[in-house]
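**Q** build the 3D model from these lines:
(2 chains)
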Amino acid sequence: MNETDKIIEVRHLSKSFSGKKVLEDINLYIRRGEFLTLLGPSGCGKTTMLRMIAGFLQPDEGSILLEGKELAGTPPHLRPLNTVFQRYALFPHLDVYDNIAFGLKLKKTPQEEIDKRVRRVLKLVSMSDYEDRDVETLSGGQQQRIAIARAIVNQPKVLLLDEPLAALDLKMRKDMQIELKEMHKKLGITFIYVTHDQEEALTLSDTIVVMNEGRIQQIGTPTDIYNEPVNSFVADFIGESNILNGTMIRDRKVSFIGHDFDCVDEGFGEDNPVDVVVRPEDIYFVDKEKAQFSAKVKSCVFKGVHYEMFVDTDTGNELMIQDYDAFQPGTEVWLRIEPDDIQVMRKERTQNTFDGEVIDNETVRFLGGDFKCDASAYSSGDKVKVEVPFDKVDLLDNEEEGESYGNVIFILYKGDHYHLTIATPEGEKVWVDTNDIWDKNDQVGIHILPEDIHLRKAEGNE
Amino acid sequence: MSKRSSWALPYFIFLVLFVVMPLVLIVVYSFQDASGHFTFSNITKFFTDKDSLSTFALSIEVAIENTALCILIGYPAAYILADKSLNRSAVTVVLFIMPMWVNALMRTLATAELFNMAGITLGKGTLLFGMCYDYLPFMIYPIYNVLNKMDKSYAEAAEDLGAKPFEVFTKVTFPLSMPGVASGILMVFMPTVSTFAISEFLTNNKIKLFGTIIQENINNSMWNYGAALSLIMLIIIAITTVLQGKDNSEAAAGGAI
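**A** Predicted coordinates for the structure are as follows:
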């Protein structure tokens, strides 16, 4: 790609707040004129990144380049970027005209020029004749337009938008999405847009950057990200999906929910565990002779355009299906999934691995707790790797009863069980497969039976 | 009278006895001569008496000077207190307010004593010092309150639009903190006009303020003239309050300690 096409480049960017990593080694470039969206759940670091580009925060490590020039050290008022703030931040002591003219007046722009440009942007945001209005008398949507006008009147090289539509109601939000998209086309300015709303991201963006826990998960066009999520987080966050455990039998053949399916994926090896994503609209109701498997409808809800059904397959897995036809609960149905619609993803991990230290013959310390297990092959003080399968970690209601404890931070339903991510107070992560239902942010005790703890000598230490 | 509104009865009686009655009495006394006959002479006496008028002018002058001094010292203090990067603890705020826990009269006497010890002649300088010392917290707190609650994104938006740090202050932070300043003025200016103890102790009665002549008249049993002077001061205070504008009632409420 041509270097001059990159308007912003982010290299090895890291940031911590009071010891907690918020962004970790972010690498990214933004093309001139592009509509790029930073998408992720709250706390994923997307707003932090935007604020660093705007200059309100300084990176701990790494650099941000604007047209090839380092931005660090340039205070916000000297950066040729403008921001649309989440709560608009319109100056309540100024009227609409003075709010928009604020930046131009600071640059000592001639009065006629200011008049002309203010009128032009007001027209662009469909707010002509509102010049003299007090900003506090405007509705949320109108304030939003003025906030956008105030930013673009300065003709920034890049417009930064921090969840600008989050405070609007649904109908208003949809209208503004279309207007923003048109504005972007008309202005030709690069937009960097931050949102946690996946639908908004899919509607607006040329490129989506999916972020989670301070890392980029996937960068791609909306279609790429929807159709070919790279991991279960992206699949779960973007749209509805069935995420299932599977086994790659060989190239173009995958087994999940107890059946073998043809697929289009290659290069995952033979008999390797994989994650499989099937979108609910890609499971078809067919005649018995064309079907790959059967299922019983459990529930059926009308969602406006389609029906959303949950079915139990003949092998006891739960699937979500969206279809224009409704099948009543209790109906026996025949289902088919086309090879194209099966997305196979490499498993990010197959078991928990922790760093531990042998305390005595039958005790190992890891995750900040002392666990009982057979450590007779090691002497006390040895550093070891501790391996625990996902389904061998017990979660307890009472955090005091476990050897260690943590918070449920992510829940993924995989057809017949839940895959949970637990974070311990020290920030270590434990992955757990369970049939029990937990809620996000639950405090849980962590208990592991001695026979389920496998020790391995840690390599390359003293 | 419903059951619940009857709970207000003690307060109602209190208000009538200690607020409404005295006000009515002030008005009545103002328009009576010593023998109880209706007259305007008390009012006309004030407007024709050179001494009273010049005392009044001096009181206003001192009050304006004191208020200006309080803003000059109080605004930066409030700004520093409200800035999280300059002041990380609430203790400093308490330290600024703590002098108010000591009786004002006691503080004033102590200040006068300090000046005597240091051999500084009492006069207008010491008067202003004492007033400023007494009333500064009333200026700092409302301004601090407004600055502390101000959405940080206003300053960020200004910076984002190209304002240098000083311009952020003059064009956004300061104008937005005006309600705090206004309520600070309200809480400093009016009490200063009517003060008499501070001028008595800190100038050895060399400088007489409006409050002083009211007190002298009442002390010398010239109740009618004293009442008329009080009435005039009340009216002036009422006018300033109205002129202060209606929109800062919120800040004034927030400024109460």
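
**Q** distance from the chain centre to stretch A:231-249, please.
**A** Relative to its parent chain, stretch A:231-249 has a centroid offset of 14 Å by CA atoms, centre = their mean, to the nearest Å.

**Q** please read the previous query as pertaining to stretch B:18-38.
**A** 25 Å.

**Q** which other residues reach it?
**A** With CB atoms under 8 Å, 6 or more residues apart in numbering or on different chains as the test, stretch B:18-38 has contacts from B:39-43, B:223-224, B:226-228, B:230-231, B:234. In short, each C-beta sits where N, CA and C put it, glycine included.

**Q** ok, of the residues you listed, which come out buried?
**A** Using 16 or more other CB atoms under 10 Å in any protein chain shown as the burial test, these include B:39, B:42-43, B:223-224, B:226-228, B:230-231 as buried.

**Q** just checking, what's the longest helix in the chain?
**A** Assuming you mean chain A. Criterion DSSP state H: the longest helix present in chain A is helix A:170-187.

**Q** that's the wrong chain, I wanted chain B
**A** If you go by DSSP H, chain B has its longest helix at helix B:50-82.

**Q** circling back: Serialize the contacts of stretch B:18-38 to TSV and add fields for secondary structure.
**A** Shown next, in TSV, are the contacts of stretch B:18-38 (DSSP: H, G, I helix; E, B strand; the rest coil):
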residue	secondary structure
B:39	coil
B:40	coil
B:41	helix
B:42	helix
B:43	helix
B:223	helix
B:224	helix
B:226	helix
B:227	helix
B:228	helix
B:230	helix
B:231	helix
B:234	helix
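
**Q** ok, these vs residue A:75, which is closest?
**A** Within those, distances to residue A:75 taken as CB to CB reach their minimum at residue B:234, with 52.0 Å.

**Q** which ones are touching that closest one?
**A** For residue B:234, the contact set (CB under 8 Å, 6+ apart) comprises B:23, B:26.

**Q** enumerate the residues of the stretch 51-200 of chain A near chain B.
**A** By the rule CB under 8 Å from any CB of the partner chain, the part of the stretch 51-200 of chain A lying against chain B is A:54, A:56, A:75-78, A:81-83, A:85-87, A:89-93, A:102-103, A:106-107, A:150-151, A:154.

**Q** filter the residues you listed down to the ones in helices?
**A** Secondary structure defined by DSSP H assigns A:54, A:102-103, A:106, A:150-151 of these to helices.

**Q** out of those, grab the one that's most surrounded.
**A** For those, neighbours were counted using other CB atoms under 10 Å in any protein chain shown, and residue A:150 has the most, 33 neighbours in all.

**Q** buried residues in the longest helix of chain B?
**A** Using 16+ other CB under 10 Å as the test for burial, helix B:50-82 gives B:52, B:55-56, B:58-60, B:62-63, B:65-67, B:69-71, B:74-75, B:77-79, B:81-82.

**Q** ditto for stretch B:193-213
**A** Going by neighbour count (16+ other CB under 10 Å), the buried part of stretch B:193-213 is B:193-203, B:207-213.

**Q** from those residues, which land in strands?
**A** Using DSSP state E, no member of the buried residues of stretch B:193-213 sits in strands.

**Q** any idea which element the spatially most central residue of chain B lies in?
**A** The residue lying closest to the centre of chain B (CA atoms, centre = their mean) is residue B:188, at 2.7 Å. Element membership for residue B:188, per DSSP states H and E: helix B:178-194.

**Q** ok so, going back, which SSE is immediately downstream of the longest helix of chain A?
**A** Counting by DSSP H and E, the next helix or strand C-terminal to helix A:170-187 is strand A:190-195.

**Q** against which helices or strands is that following strand packed?
**A** Secondary-structure packing of strand A:190-195 (3 or more CB pairs under 8 Å, 6 or more residues apart in numbering or on different chains; DSSP states H and E): strand A:6-17, strand A:20-31, strand A:35-39, helix A:46-54, strand A:158-162, helix A:198-204.

**Q** what does the fourth one contact?
**A** By CB under 8 Å, 6+ apart, the surrounding residues in contact with helix A:46-54 are A:8, A:10, A:13, A:15, A:22-23, A:26, A:38-40, A:57-59, A:64, A:71, A:76, A:79, A:81, A:83, A:158, A:160, A:162-163, A:192, A:194, A:196, A:211, B:160.

**Q** just the buried ones among these, please.
**A** Looks like those have A:8, A:10, A:13, A:15, A:22-23, A:26, A:38-40, A:57, A:59, A:64, A:71, A:76, A:79, A:81, A:83, A:158, A:160, A:162-163, A:192, A:194, A:196, A:211, B:160 buried, using 16+ other CB under 10 Å.

**Q** what is the end-to-end distance of stretch A:146-157?
**A** 19 Å (CA to CA, to the nearest Å).

**Q** list of residues touching that stretch?
**A** Contacts of stretch A:146-157 (CB under 8 Å, 6+ apart): A:7, A:66-67, A:80-85, A:88-90, A:96, A:99-104, A:107, A:117-118, A:121-122, A:124-125, A:127, A:130, A:135, A:138, A:159, A:164, A:180, A:183, A:187, A:189-190, B:160-162.

**Q** then stretch B:49-58?
**A** The contact list for stretch B:49-58 (CB under 8 Å, 6+ apart) reads B:45-47, B:207-210, B:212-213, B:229.

**Q** please save the CA atoms from it in PDB.
**A** Extracted C-alpha coordinates of stretch B:49-58, given in PDB (Å, rounded to 0.1, in the frame of the first residue of the first chain):
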ATOM      1  CA  ASP B  49     -27.200  64.800  56.400                       C
ATOM      2  CA  LYS B  50     -23.700  65.100  54.800                       C
ATOM      3  CA  ASP B  51     -22.100  62.900  57.400                       C
ATOM      4  CA  SER B  52     -24.600  60.000  57.000                       C
ATOM      5  CA  LEU B  53     -24.300  60.200  53.200                       C
ATOM      6  CA  SER B  54     -20.500  60.200  53.200                       C
ATOM      7  CA  THR B  55     -20.400  57.300  55.700                       C
ATOM      8  CA  PHE B  56     -22.800  55.500  53.400                       C
ATOM      9  CA  ALA B  57     -20.600  56.200  50.400                       C
ATOM     10  CA  LEU B  58     -17.500  55.000  52.300                       C
END
